[in-house]
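Asks: Coordinates for the following, if possible.
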Amino acid sequence: MKEDNSTTIPARLRQAREAAGLSQGQVAKKMDLHRPTVTEIEAGRRRVSAEELSLFADIYGVSVNWLVHGFVAEENGINERTLLAARELSKMSDEDLDRIMSLIKMLKTNEGA
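Replies: Numbering: from 1, shown residues only. Reported below is the predicted structural model:
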């Protein structure tokens, strides 16, 4: 059974990198790698070592457990998916945030229906 692309380590690495607001080049520099190496890792064409996973996790502010398994760990009562979402929301305009909040309210209202 093939994994859904969004549930793979490479997909989570890319998602976390983007949420951290970093380019592949910036990550490569921080890890003392070549940018194409980061590209290969995110494309799933190169395996990532345990040491590299730990460094990715530190750079992106997520846990190795989330990168590997997609488990949502909680730290101070906030799970990692929520933190990733918050990072994305912090990049949005006030107008877009108002739209998102309206959508959330609508979804919560429909849950009770």
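
Asks: Flag the shaky bits of the protein, pLDDT-wise.
Replies: Counting by pLDDT under 70, the ranges of the chain that qualify are 1-6, 71-80, 111-113.

Asks: Geometric centre of it: which residue is closest?
Replies: residue 16 (2.5 Å; C-alpha atoms, centre = their mean).

Asks: quick check, it in a helix?
Replies: Yes - counting by DSSP: H, G, I helix; E, B strand; the rest coil, residue 16 falls inside a helix.

Asks: Can you name the residues that contact it?
Replies: 56, 60, 61, 62, 66, 67, 84 (C-beta atoms under 8 Å, 6 or more residues apart in numbering). Bear in mind the C-beta positions are built from the backbone N, C-alpha and C, glycine included.

Asks: Regarding this protein, what is its longest helix?
Replies: helix 94-112 (DSSP state H).

Asks: quick one: contacts of it?
Replies: 89, 92.

Asks: could you dump the contacts of residue 16 to TSV with neighbour count and distance to residue 110?
Replies: Putting the contacts of residue 16 into TSV (neighbours: other C-beta atoms under 10 Å; distance: C-beta to C-beta, whole Å) gives the following:
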residue	neighbour count	distance to residue 110
56	24	37
60	23	33
61	13	32
62	22	30
66	21	29
67	22	33
84	21	24
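
Asks: Pick the one among the residues you listed closest to residue 40.
Replies: Top of the list for closeness to residue 40, among the contacts of residue 16 and by C-beta to C-beta, is residue 56 at 13.7 Å.

Asks: Angles on the backbone of the closest one, please.
Replies: In terms of degrees, to the nearest 10, the main-chain angles of residue 56 are phi -60, psi -50.

Asks: if you skip the residues just before and after it, what's nearest to it?
Replies: The shortest distance from residue 56 to any non-neighbouring residue, by C-beta to C-beta, 6 or more residues apart in numbering, is to residue 13 (5.9 Å).
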